[in-house]
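J.: pasted the sequence and its predicted model underneath.
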Amino acid sequence: MSGSSAPRLLTTPTALGILGLGVAVRVLLLLTAGPIDLQSDEANYVHLALGLERFGVLLDCYRYLWPPAYPAFLRACFALAPDGGLDLARGLQVLASPAIGAATMAIAARLFDRRVALLAGAGWAVHLPLAAFTHLLWSETLFLALWLPALALLLRAHEDREDEPVLELALFGALAGLAVHLKEAPLYLVPLLLVPLLIARWRRGGPLPALRTASLPLLTFLVVLTPWSLRNLEVYGTPTVASTLGENAYNGLNATHRNFDLIPVNTALQRAGRPILEVRAPFRDPLEGGRPVAEWPRAEELHHLPTRLAENRERGLAFAAAHPGWILRSRVQKWADLVAPVSFFTRHLTLGHYHGPLADLRPLLVVLAVLCSGGTLLLGLTGLALHLPRTPAAAVVVLNGLYLLATGSLVAMSRFRLPMVPLLLIGVAALVLRRGEEGPGRRALALVLALALAALWWIGAPTTLGLLEAAWSGLEGGDA
Amino acid sequence: MSAWRPHLACLALLGLMGVLAALGHRTTEELRLAAAAGPADERIQALHALLNRAEAAPGPGHDALVAELLASPEPLLREYALSIDLCRLSARDGQGVPIAQEAAVLGMPRPPCDGPWWLEYVAYRRKVGGKQVGGRRRLDLIELDWYRRALRGEALPEDEVFRYLVERVRDAHAGPIPRGQ
């Protein structure tokens, strides 16, 4: 599909109808959810927003230095609606979500064609776990509403054209920068995503035009990130954007396995006097001389936050280096956690956090959500393996996946795979609509990926099945 | 050269930001002066930077600052004294709990449970960061509702607030949080 026809697609009645359907699904979820309890980081974000409102400063989280945009968004919602700030935030997230659907269709149109784009858009519209994030107070919806349009612009910049795609590249960098202010995760992915563009332009026009093209989005990215980095330089003495790596090293490179799909459910199970869910021991325990190794403690003695987080990171890396066999085994469990067909939507249902009519439909919604999660992973991976074009633009999708796999090998849970879900939905649509183009190499790749996914599901089965059983029957009293 | 104009514009912006940051930079001594007196919000801005820099450290000087802020007639400063910025460096008891802040919020047989106290309680007890900075559990919806009401200066249902807190303390004794091992 040509560069100008993808935007045209988005204004067709079918595409607009799909976006409308997606919004309607999200509005329906919001209206039927009733009051929604705050869970884990949701409460933390709200507390940071209250601090920002009351004191005018963004306080840190002691174990993390979170990016500023989501607390600032909530704080703005409280300013606009002092008593209904959270409702306003949820409503705005619903309103922002069509950007995700539109960008999914735009990316699919550029990689494949109009039909794949529309089907991928339809997938976005009804994907329950993705839709549910619009009423959860995590930054994911706003992040994706910036990140996916940024990717769509980058793909557009890959198209053959006479003029230089200055606007697309400048906007890609700026939107990616704003997205990083919501979620730090893709900080290092942004320069990586520009490598295929750099190579393609280098081949076509030589090094100088290639460097000019690839450096512009990096500069706009820096322009957006720099003000907050300078603020952090003034406050902490470190020009960081955000810092979550130290605590993630504590959680991910340590003797204790942590998966946040599991922890609140285990808390509720424990309070109910029921046995907690445990991952398979071979993928969990670091051993020395046949004995379990103790967890390394956080560097609580260091009061300066960036220094403490850096020390935690070093301790994590040292622990990993000291247990190379365990690090490989336990990463398999991390990837199993990353692709488990559970979601924060099913977790909320499990823990009884919905109090409206939505809660009455729990068993049905759990089944639908699991089908959405599992189906998207299996069919999406297969579809991308079989049909993703062999172009520099398509490399953007592959790099996204590999980066997610790399970051997911540190700390993993269903929420962390969310940036890949719209791209997997494109794979699902391609699998359904494209026929007879795949060679034996692609079929072999698809088979390997499907088998790897099945193996990871088997490895994660003890906890996944336990989580689904708990979701089916329902629990109360997860750690708020 | 015109093809590089956007790059030059970005570099100029980055340079401008650097210059503005350098001009706006406050030394530790300047922050100390700003933190010592003036309107509450300006003091907090200065204290926030002062307390998060590498040279900030626990000790008698910090504990005196905490005591001064907790005794302040200005509610905003009292609440800020309970935030992570101050609790991080406060003297702690054997369980790692910030002593002065714990006593200020919960050191009475029955806390007043009125609006001003509730703002302090939420600032202290519901903070992000865990036990070592005085935090326990996380904010929930009813607590947020009371917080908003307290911010507006409305009276809170004090008996209900007290009963609720007692129940939450009982809940908290259900056992350690399992980590999914």
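T.: Right, received. Where do you want to start? Just so it is clear, the model here is predicted, and its values are computed rather than measured.

J.: CA atoms for contacts and neighbours, from now on please.
T.: OK.

J.: from A:Ala242, how far off is whichever residue of chain A sits closest to chain B?
T.: Chain A approaches chain B most closely through A:Val235 (4.3 Å), counting by Cα to the nearest Cα. Note on A:Val235: its distance to A:Ala242, by Cα to Cα, to the nearest Å, is 13 Å.

J.: go on, A:Met420?
T.: 22 Å.

J.: out of the two, which sits in the busier spot?
T.: A:Ala242 (22 against 17; other Cα atoms under 10 Å in any protein chain shown).

J.: if I look at that one, how far off is A:Gly17?
T.: According to Cα to Cα, A:Ala242 stands 38 Å off from A:Gly17.

J.: point out where chain B drops to low pLDDT.
T.: Applying pLDDT under 70 to chain B flags residues B:1, B:171-181.

J.: chain B contacts on the stretch 1-150 of chain A?
T.: Within the stretch 1-150 of chain A, the positions lying close to chain B (Cα under 8 Å from any Cα of the partner chain) are A:37-38, A:40, A:43-44, A:47-48, A:51, A:54-57, A:59-63, A:82-83.

J.: mind checking the SS state of the residue in chain B that chain A sits nearest to?
T.: Residue nearest to chain A within chain B: B:Ala49 (4.3 Å; Cα to the nearest Cα). Three-state call for B:Ala49 (DSSP: H, G, I helix; E, B strand; the rest coil): helix.

J.: now A:Glu140: how far from A:Thr350?
T.: 20 Å.

J.: more neighbours: which of these two?
T.: A:Thr350 (29 against 23).

J.: up against chain B, what does the stretch 201-350 of chain A have?
T.: Residues of the stretch 201-350 of chain A lying near chain B (Cα under 8 Å from any Cα): A:212, A:215-216, A:219-220, A:222-223, A:226-227, A:230-231, A:234-237, A:256-259, A:262-263, A:266-267, A:270-271, A:276-279, A:284, A:303-305.

J.: so of those residues, which ones are in strands?
T.: Under the assignment DSSP state E, these contribute nothing to strands.

J.: buried subset of these?
T.: Those of these that meet the buried threshold are A:212, A:215-216, A:219-220, A:222-223, A:226-227, A:230-231, A:234-237, A:256-259, A:262-263, A:266-267, A:270-271, A:276-279, A:284, A:303-305, by 16 or more other Cα atoms under 10 Å in any protein chain shown.

J.: pop out the phi and psi values for the residue of chain A most remote from its centre.
T.: Using Cα atoms, centre = their mean, the residue of chain A lying farthest from its centre is A:Gly289. It sits 38.0 Å away. When read as degrees, to the nearest 10, the backbone of A:Gly289 gives phi 60, psi 40.

J.: where's it relative to A:His323, distance?
T.: In terms of Cα to Cα, A:Gly289 sits 12 Å off from A:His323.

J.: which residue ranges of the stretch 251-400 of chain A form helices?
T.: A:263-271, A:305-322, A:324-339, A:344-350, A:357-360, A:362-387, A:392-408 (DSSP state H, counting those that start in this stretch).

J.: what's the third one packed up against?
T.: In this structure, helix A:324-339 packs against helix A:392-408, helix A:440-473, with contacts taken as 3 or more Cα pairs under 8 Å, 6 or more residues apart in numbering or on different chains; DSSP states H and E.

J.: check which residues of the shortest one are buried.
T.: By neighbour count on 16+ other Cα under 10 Å, the buried set for helix A:392-408 is A:392-401, A:403-405, A:407-408.

J.: the inter-axis angle of whichever helix or strand comes after it versus helix A:392-408?
T.: Once the chain leaves helix A:392-408, the next helix or strand it forms, by DSSP states H and E, is helix A:421-433. Counting by axes from the mean of the first three to the mean of the last three Cα atoms, to 10 degrees, helix A:421-433 lies at 130 degrees to helix A:392-408.

J.: who are the packing partners of helix A:421-433?
T.: Counting by 3+ Cα pairs under 8 Å, 6+ apart, helix A:421-433 packs on helix A:98-111, helix A:114-126, helix A:362-387.

J.: elements contacting the first one?
T.: The reference is to helix A:98-111. Using 3+ Cα pairs under 8 Å, 6+ apart: helix A:98-111 touches helix A:5-10, helix A:13-33, helix A:114-126, helix A:140-157, helix A:421-433.

J.: please redo it, this time with the cut-off set to 10 Å
T.: helix A:5-10, helix A:13-33, helix A:114-126, helix A:140-157, helix A:392-408, helix A:421-433 (3 or more Cα pairs under 10 Å, 6 or more residues apart in numbering or on different chains; DSSP states H and E).

J.: quick one: average pLDDT of it?
T.: Averaging pLDDT along helix A:98-111 yields 97.

J.: ok, the second one next?
T.: If you average the pLDDT over helix A:114-126, you get 98.

J.: after that helix, which helix or strand is next? Please name it.
T.: Sequence-wise, the next helix or strand downstream of helix A:114-126 (DSSP H and E) is helix A:128-132.

J.: now the strands for chain B?
T.: Under DSSP E, chain B gives no strands.

J.: pick out the residue nearest the middle of it.
T.: Nearest to the geometric centre of chain B sits B:Ser83, at 1.7 Å (Cα atoms, centre = their mean).

J.: in helices, which of the residues of the stretch 1-150 of chain A next to chain B appear?
T.: Those of those mapping onto helices are A:43-44, A:47-48, A:51, A:54-55, per DSSP state H.

J.: which helix in chain B has the most residues?
T.: Chain B, longest helix under DSSP H: helix B:5-24.

J.: just how off-centre is that one within its chain?
T.: Taking Cα atoms, centre = their mean, to the nearest Å, one finds helix B:5-24 lying 33 Å from the centre of the chain it belongs to.

J.: just put the ones in helices among the residues of the stretch 1-150 of chain A next to chain B in JSON lines and tack on pLDDT and neighbour count.
T.: Formatted as JSON lines, these follow (pLDDT from 0 to 100; neighbours: other Cα atoms under 10 Å in any protein chain shown):
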{"residue": "A:Ala43", "pLDDT": "96", "neighbour count": "24"}
{"residue": "A:Asn44", "pLDDT": "96", "neighbour count": "22"}
{"residue": "A:His47", "pLDDT": "97", "neighbour count": "25"}
{"residue": "A:Leu48", "pLDDT": "97", "neighbour count": "26"}
{"residue": "A:Gly51", "pLDDT": "97", "neighbour count": "22"}
{"residue": "A:Arg54", "pLDDT": "98", "neighbour count": "17"}
{"residue": "A:Phe55", "pLDDT": "98", "neighbour count": "21"}
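
J.: could you dump those residues to JSON lines with distance to A:Val332?
T.: Converted to JSON lines, those look like this (distance: Cα to Cα, whole Å):
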{"residue": "A:Ala43", "distance to A:Val332": "31"}
{"residue": "A:Asn44", "distance to A:Val332": "30"}
{"residue": "A:His47", "distance to A:Val332": "35"}
{"residue": "A:Leu48", "distance to A:Val332": "34"}
{"residue": "A:Gly51", "distance to A:Val332": "39"}
{"residue": "A:Arg54", "distance to A:Val332": "44"}
{"residue": "A:Phe55", "distance to A:Val332": "44"}
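
J.: give me the number of residues near A:Gly445?
T.: Quick fix: residue A:445 reads Leu, not Gly. Using other Cα under 10 Å, A:Leu445 has 16 neighbouring residues.

J.: tell me the pLDDT at it?
T.: 97.

J.: circling back to that earlier point, would you turn the helices and strands packed on helix A:324-339 into JSON lines with distance to chain B?
T.: Shown next, in JSON lines, are these (distance: least, Cα to the nearest Cα, whole Å):
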{"stretch": "helix A:392-408", "distance to chain B": "17"}
{"stretch": "helix A:440-473", "distance to chain B": "9"}
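
J.: report the buried residues of stretch A:345-360.
T.: Per 16+ other Cα under 10 Å, stretch A:345-360 contains these buried residues: A:345-354, A:356, A:358-359.

J.: distance between the ends of it?
T.: Taking Cα to Cα, stretch A:345-360 runs 14 Å from one end to the other.

J.: stretch A:415-427 too?
T.: Across stretch A:415-427, the terminal residues are separated by 19 Å (Cα to Cα).
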